[in-house]
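Asks: Here is a sequence with its predicted model. Questions after.
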Amino acid sequence: MDMEDKIMEHMLIDSFGRTINNLRVSVTDQCNFRCIYCMPEEGMVFQPKEEILTFEEITRVIRIVSTLGISKIRLTGGEPTVRKDLPLLISMISEIPGIKDMAMTTNGFFLKKMARDLREAGLPRINVSLDTLDEEKFKQMTRRDVLHKVIEGLEEAARYFQLPIKINVVAMKGYTEDDILNFALLARTKPYQIRFIEFMPLDADRTWSRDQVLTGKEIIDRIYSKWPLEAVTRPNQREPADLFRFKDGPGEIGLIASVSEPFCGSCNRIRLTADGKLRTCLFSLNETDIKEPLRTGASDVDIADLFIEAVKNKEAGHHINDPSFIQPERSMSAIGG
């Protein structure tokens, strides 16, 4: 069977009837921050360069899966902007037929100098990970004293990328409560979508507990007590964030309640790690090796078959709330955010 027949016969549909059209691609496991919920402060061991997928390997995979129905790509890390020549990869992906949307999640540190190049290479949208607006707390959470650089990067991003710029805030009890209204005020005054993401068990130190989760309901109740909000109908019902807008401001509030209100039943995404492993869930305990076949002569049909088979076995959900839940061996930085 040739690739054209494969396209006609298969789409990426799992055993629960979910159609997969979104691939998150980690381009590096390295990062210039050391966020407390993602990496240890010292002793982080990264993959050697030869184990990381090349640009040619990444674009080959994307080209293959685009024929199976993948139309959305998100570049992640680690921190994707530390990957050398990242605009070149973006331009290569943007030329692949079938890819209708591409975005990137970044910590924002390099955006001031890279935003224009990234946009001109073909990247239309970005999310910026920013967990606090307080300098001391930022230094505590990221172990870096560079909040001003991230803010400068956000301002530069607003000049080039599609609005609203999305800001991802990991919501943790003991850290986030005092920042909720500050972030909400930011969304009332600037074209940002502030997305509060419940803290998930992917920390490298493996100290996560449910008691640390600041829930979406707690967050929205606190904002609503200060400023009226109205629910927004999501343009795509398979997107994870519940959206709200201010009646008197340009921005929006998003809630990703992946712990307290899992949305696994509508999940449409899979992940490719920087070292070429396919994961069908963020919390998968199993991976499918894509890199080895890529480097040992596998055909496009062979690679497509690996994706089709893996998706058939995609998990029903992440099971975080089950007593038998097992945290993946890999941390968020190694999996890809």
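Replies: Thanks, I have it.
Asks: all strands of the protein, in order?
Replies: Remark: strands assigned in the chain by DSSP state E are 22-26, 72-76, 101-106, 125-129, 165-171, 192-198, 229-232, 242-246, 252-256, 269-272, 277-279, 288-289.
Asks: Just send those strands back as CSV, with mean pLDDT, mean neighbour count and distance to Ile13 too.
Replies: Quick note: C-beta positions are derived from backbone N, CA and C, even for glycine. Output for the strands of the chain, formatted as CSV (pLDDT from 0 to 100; neighbours: other Cβ atoms under 10 Å; distance: least, Cβ to Cβ, whole Å):
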stretch, mean pLDDT, mean neighbour count, distance to Ile13
strand 22-26, 98, 23, 14
strand 72-76, 98, 23, 16
strand 101-106, 98, 20, 20
strand 125-129, 97, 22, 26
strand 165-171, 94, 24, 28
strand 192-198, 94, 25, 27
strand 229-232, 91, 13, 29
strand 242-246, 92, 19, 26
strand 252-256, 94, 23, 24
strand 269-272, 97, 24, 12
strand 277-279, 97, 23, 16
strand 288-289, 98, 16, 17
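Asks: and Leu89, which of those strands is closest to it?
Replies: Evaluated over these, closeness to Leu89 peaks at strand 72-76, with 7.7 Å, by Cβ to Cβ.
Asks: so what strands line up beside that closest one?
Replies: Paired neighbours of strand 72-76 in the sheet (DSSP bridges): strand 22-26 (parallel), strand 101-106 (parallel).
Asks: Same list, the strands of the chain, but as CSV with distance to Glu57 please.
Replies: Formatted as CSV, these follow (distance: least, Cβ to Cβ, whole Å):
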stretch, distance to Glu57
strand 22-26, 11
strand 72-76, 14
strand 101-106, 17
strand 125-129, 24
strand 165-171, 27
strand 192-198, 30
strand 229-232, 39
strand 242-246, 36
strand 252-256, 30
strand 269-272, 10
strand 277-279, 13
strand 288-289, 13
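Asks: for the ones you listed, which one sits closest to Lys137?
Replies: So among the strands of the chain, strand 165-171 is nearest, using Cβ to Cβ, at 11.9 Å.
Asks: partners of the closest one in the sheet?
Replies: By DSSP bridges, strand 165-171 pairs with strand 125-129 (parallel), strand 192-198 (parallel).
Asks: Mind listing residues that contact the shortest one?
Replies: By Cβ atoms under 8 Å, 6 or more residues apart in numbering, the surrounding residues in contact with strand 125-129 are 35, 101-108, 111, 118, 150, 153-154, 157, 161-162, 165-168, 170, 195, 337.
Asks: One more: stretch 277-286?
Replies: Contacts of stretch 277-286 (Cβ under 8 Å, 6+ apart): 14, 200-202, 264, 267, 270-273, 287-291, 306-307, 310-311, 313-315, 317-320, 326-328, 335.
Asks: try stretch 177-196
Replies: Contacts for stretch 177-196 (Cβ under 8 Å, 6+ apart): 127, 131-134, 137, 154, 158, 163-169, 171, 176, 214, 216, 219, 222-223, 226-227, 241, 243, 246, 248-256.
Asks: Switch the strands paired with strand 72-76 over to a markdown table; also include distance to Ser66.
Replies: Output for the strands paired with strand 72-76, formatted as a markdown table (distance: least, Cβ to Cβ, whole Å):
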| stretch | distance to Ser66 |
| --- | --- |
| strand 22-26 | 9 |
| strand 101-106 | 11 |
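Asks: Quick one: closest of those strands to Met44.
Replies: Among the strands paired with strand 72-76, the nearest to Met44 by Cβ to Cβ is strand 22-26 (15.1 Å).
Asks: Just give me how far the closest one sits from the chain centre.
Replies: 8 Å (Cα atoms, centre = their mean, to the nearest Å).
Asks: now do stretch 288-302
Replies: From the chain centre to the centre of stretch 288-302 is a distance of 25 Å (Cα atoms, centre = their mean).
Asks: Ok, stretch 202-212 next?
Replies: Centre to centre, stretch against its chain (Cα atoms, centre = their mean), the figure for stretch 202-212 is 19 Å.
Asks: And stretch 294-309, by the same measure?
Replies: 25 Å.
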